[in-house]
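[1] based on what follows, work out the 3D shape:
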Amino acid sequence: MNKLDKVYSNLLSRKVLLSLLIVASVALLATLINRYIQSDDNWFGEQAYWLAKEGTVKLKSIPFIFNWENEFLVYHKLLIWIGSAIISVFGWSVYYLKAFNLLCLALCMFMMWKYTSSESRELRYLVLLLILIIPLTLVKAFEYRPEVPAMMFGFGSFLFLTAYKNSGGIYKVLLAGLFAGLAFLTHLNGAIFCVSGFFTLLYYRKIKGVVLFSAVAIPVCLVYFAPLAQGDNFAIWAHNLQNWPSHSFSDTVQKNIFQTLFERIVNEQKRFFWDDQVAGISVMFILTLFFKGKHLWNTRRELLLYTIFQVTFLALLGSHKAPRYLMLNIPFMVLITGYGLHALVQSKQRVFKGIMILVLLVQFVLFFVRAVKIIERNEAHIAKHEEILSHIPKGAKLIGPWELVYNGILDYRIYSYKSYEYLEERMPEPFTQEEFTEKVASLDIEYIVVDEEMKDSEVFHWFNGWKVEENGLYEKYYNGGKYLILKKK
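    Residues are numbered from 1 along each chain as shown. Coordinates of the predicted model:
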């Protein structure tokens with residue numbers, strides 16, 4: 001046996017794969033301890049909080065933007081409904097919400113294990129390892145966002161659809177439609193699972209399956225629009241989308257439809273090679289298609305076909321090219337890559353083997369580098385927030401880093417700097433410190449919390465260097481070393 005063949009066979013042996021899987025799992029678990037609070041944890045968490053507490057989705061921390069402090073209509077329905085249920089049952093904690101995403105990842109991996117049940121243990125371990133060592137998975141697995149839940153529901157739809165295609169059973173195609181609809185309810189980009197399922201069944205001429213799949217998926221999807229049927233809600237929802245405060249989003253929905261579709265197809269490659277979080281798996285996936293595409297078409301046609309539909313419709317229907325939406329494709333990319341890598345063990349394609357060994361090594365390095373970066377960023381956030389808020393009387397109005405909502409929202413009226421970032425998006429010139437404090441004072445906010453990041457932040461720039469200009473509104477009140485509190489005069 002050639003030396004390269006031996007190295008490759010050893011790398012993909014059961015013992016080595018299981019050992020690597022355990023190491024990757026431990027690394028993932030290590031990053032969960034005091035995991036940092038990402039901006040979207042605040043964005044989606046607050047929506048779920050107010051739904052649980054007041055029965056309406058809103059963002060009270062973001063005034064001046066439409067009417068979001070009273071009602072927010074452009075939300076990911078199922079994600080927020082589940083988050084609201086979690087808060088109602090377990091209480092208000094960012095880690096309960098994050099844990100939901102971790103559970104969804106575990107369920108998706110379990111379904112991938114089931115999908116490969118007829119394969120060797122080596123292949124099954126390889127598939128689980130490949131999805132774990134993607135840096136994007138490491139990040140999104142413990143972040144309260146819709147992509148991982150939508151990925152889980154979407155793969156569930158594919159699993160039932162494949163079972164129906166192979167052995168029939170009406171309940172299977174009905175469940176496939178249900179899961180595709182749930183993916184859409186979790187995130188509108190989940191529509192790709194509805195469309196991909198429809199066209200896959202059509203390709204295999206399962207006309208009865210197409211009808212049954214659609215009969216379930218469409219009504220479930222329509223649940224999203226039910227709240228928009230009341231009063232002027234649909235018009236408000238559409239207006240919010242078309243005039244989103246962030247240019248990067250609203251500009252995409254205002255372009256000519258044909259121009260938009262053309263640009264989306266041309267620019268789809270950006271999603272796959274956006275950064276080191278996705279580049280590794282993208283390279284392996286594309287190389288597998290190049291070297292093993294014909295083999296996969298003959299042996300795993302339904303998987304390859306479904307993935308082609310998925311990638312195409314995400315390019316056409318996806319809101320923008322953010323790499324986070326690649327999570328919806330990740331299980332399919334991983335399976336295709338896993339099948340290709342495993343087929344290589346008995347192959348003489350040594351150039352492909354050599355390239356894949358190098359890419360796998362790079363992927364491991366990127367994974368562990370990302371894990372270290374996460375651990376370095378982690379800290380006891382809730383304890384830090386309690387320390388900051390201990391210097392402010394309960395019930396007070398304050399503006400500060402958005403993450404203070406965990407768990408300050410229970411005892412304080414908290415405003416976020418996010419509204420001012422949004423306002424500046426539409427202004428010819430950014431706020432001066434004087435203009436900023438005047439805007440803050442207009443809401444009768446009593447305290448301003450400035451953290452270390454704001455010392456040199458380009459976005460939240462109003463107190464760079466912690467410099468507080470002489471003004472008639474706010475004065476320095478407390479310096480905690482890592483944060484500064486201003487108090488209204």
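
[2] switch to C-alpha atoms for all contacts and neighbour counts from now on
    Will do.

[3] hmm, Val459 is touching Glu421, no?
    Yes - using CA atoms under 8 Å as the test, Val459 is close enough to Glu421 to be in contact (6.7 Å).

[4] with neighbour numbers in mind, choose between those two.
    When neighbours are counted by other CA atoms under 10 Å, Glu421 comes out ahead of the other of Val459 and Glu421, with 17 against 13.

[5] quick one: the more buried one from Ser319, how far?
    21 Å (CA to CA, to the nearest Å).

[6] nearest spatial neighbour of Tyr422, skipping sequence neighbours?
    Pro245 (5.4 Å; CA to CA, 6 or more residues apart in numbering).

[7] quick one, what contacts that neighbour?
    Contacts here follow CA atoms under 8 Å, 6 or more residues apart in numbering; on that basis Pro245 touches Ile65, Tyr422, Leu423, Glu425, Arg426.

[8] not counting sequence-adjacent ones, nearest residue to the last one?
    The shortest distance from Arg426 to any residue other than its chain neighbours is 7.3 Å, reached at Pro245 (CA to CA, 6+ apart).

[9] surely that neighbour is within a strand?
    No - read with DSSP: H, G, I helix; E, B strand; the rest coil, Pro245 is coil and lies in no strand.

[10] starting from the helix or strand hosting Phe198, tell me the next helix or strand along the chain.
    Using DSSP states H and E, Phe198 falls within helix 191-203. Following the chain from helix 191-203 toward its C-terminal end, the next helix or strand by DSSP H and E is helix 207-222.

[11] got the buried residues for that following helix?
    Buried residues in helix 207-222, counted by 16 or more other CA atoms under 10 Å: Gly209, Val210, Val211, Leu212, Phe213, Ser214, Val216, Ala217, Ile218, Val220, Cys221.

[12] just the residues you listed now: which is nearest Cys194?
    Looking at the buried residues of helix 207-222 and their distance to Cys194, the nearest is Ala217, at 6.8 Å (CA to CA).

[13] quick check: the closest one touching Leu175?
    No - with contact taken as CA under 8 Å, Ala217 and Leu175 are classed as non-touching, separated by 9.1 Å.

[14] could you list the low-confidence segments of the stretch 251-400 of the chain?
    In the predicted model of the stretch 251-400 of the chain, residues 251-256 satisfy pLDDT under 70.

[15] ok, 50 please
    Low-confidence segments of the stretch 251-400 of the chain (pLDDT under 50): 251.

[16] break down it into its helices, ranges please.
    Under the criterion DSSP state H, counting those that start in this stretch, the stretch 251-400 of the chain carries helices at the ranges 257-267, 269-272, 279-299, 301-317, 330-343, 350-377, 381-389.

[17] by contact count, what packs against the last one?
    Helix 381-389 makes packing contacts with helix 405-408 when contacts are defined by 3 or more CA pairs under 8 Å, 6 or more residues apart in numbering; DSSP states H and E.

[18] quick one: the helix holding Phe198 to helix 207-222, angle?
    Here helix 191-203 runs at an angle of 170 degrees relative to helix 207-222 (axes from the mean of the first three to the mean of the last three CA atoms, to 10 degrees).

[19] per the record, what domains does this structure have?
    Here the domain assignment for the chain is 3-376, 381-488, based on automatic domain parsing.

[20] tell me where the stretch 1-150 of the chain has strands.
    Taking DSSP state E, counting those that start in this stretch as the test, none of the stretch 1-150 of the chain falls into strands.

[21] helices along that one, start to end?
    So, for the stretch 1-150 of the chain - with DSSP H, counting those that start in this stretch - the helices run 3-11, 14-32, 39-54, 77-90, 94-115, 121-132, 135-140, 147-167.

[22] which helices and strands does the helix or strand harbouring Ala235 pack with?
    Using DSSP H and E, the element containing Ala235 is helix 233-242. In this structure, helix 233-242 makes packing contacts with helix 247-254, judged by 3+ CA pairs under 8 Å, 6+ apart.

[23] right, and Leu136 touches Gln277 too?
    Yes - look at Leu136 against Gln277 with CA under 8 Å: they come within range, at 4.8 Å.

[24] before we move on, the earlier item: what mean pLDDT would you report for the helix holding Ala235?
    Taken as a whole, helix 233-242 has a mean pLDDT of 91.

[25] quick one: distance of that helix to the chain centre.
    Distance of helix 233-242 from the chain centroid (CA atoms, centre = their mean, to the nearest Å) equals 23 Å.

[26] export it to CSV, keeping only CA atoms.
    These are the backbone C-alpha positions of helix 233-242, laid out as CSV (Å, rounded to 0.1, in the frame of the first residue of the first chain):
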residue,chain,number,x,y,z
ASN,A,233,-50.3,44.8,10.3
PHE,A,234,-49.4,43.6,6.8
ALA,A,235,-48.8,47.1,5.5
ILE,A,236,-46.7,47.9,8.6
TRP,A,237,-44.7,44.6,8.2
ALA,A,238,-44.1,45.4,4.5
HIS,A,239,-43.1,49.0,5.3
ASN,A,240,-40.7,47.8,7.9
LEU,A,241,-39.0,45.4,5.4
GLN,A,242,-38.8,48.0,2.7
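
[27] give the buried residues for that helix.
    Judged by neighbour count (16+ other CA under 10 Å), helix 233-242 contains these buried residues: Asn233, Phe234, Ile236, Asn240, Leu241.

[28] tell me the contacts of the third one?
    Listed by CA under 8 Å, 6+ apart, the contact set of Ile236 reads Leu73.

[29] now it: how far from Asn243?
    With distances defined as CA to CA, the gap from Ile236 to Asn243 amounts to 10 Å.

[30] still on that earlier bit, any chance of the helices of the stretch 251-400 of the chain in CSV, with mean neighbour count and distance to Met152 too?
    What follows is those, written out as CSV (neighbours: other CA atoms under 10 Å; distance: least, CA to CA, whole Å):
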stretch, mean neighbour count, distance to Met152
helix 257-267, 13, 25
helix 269-272, 17, 20
helix 279-299, 18, 18
helix 301-317, 19, 14
helix 330-343, 23, 9
helix 350-377, 16, 22
helix 381-389, 16, 29
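
[31] I'd like to know which of those is closest to Ala24.
    Comparison of the helices of the stretch 251-400 of the chain against Ala24 by CA to CA identifies helix 350-377 as nearest, at 8.5 Å.

[32] now that closest one against helix 121-132, angle please.
    With the same axes, to 10 degrees as the criterion, the two stretches helix 350-377 and helix 121-132 enclose an angle of 50 degrees.

[33] and the residue nearest to Arg426, how far from Leu316?
    For Pro245, the distance to Leu316 (CA to CA) stands at 23 Å.

[34] ok, now Tyr477?
    From Tyr477 across to Leu316, the span is 52 Å (CA to CA).

[35] Ile336 now?
    With CA to CA as the criterion, Ile336 and Leu316 are 22 Å apart.

[36] tell me the centre residue of the chain?
    Note on the chain: the residue nearest the mean C-alpha position is Glu147, at 3.9 Å, using CA atoms, centre = their mean.

[37] dump the residue contacts of it.
    Here Glu147 is in contact with Lys140, His187, Arg324, Tyr325, Met327, Leu328 (CA under 8 Å, 6+ apart).

[38] tell me which helix or strand Ile448 sits in.
    Assessed by DSSP H and E, Ile448 sits inside strand 447-451.
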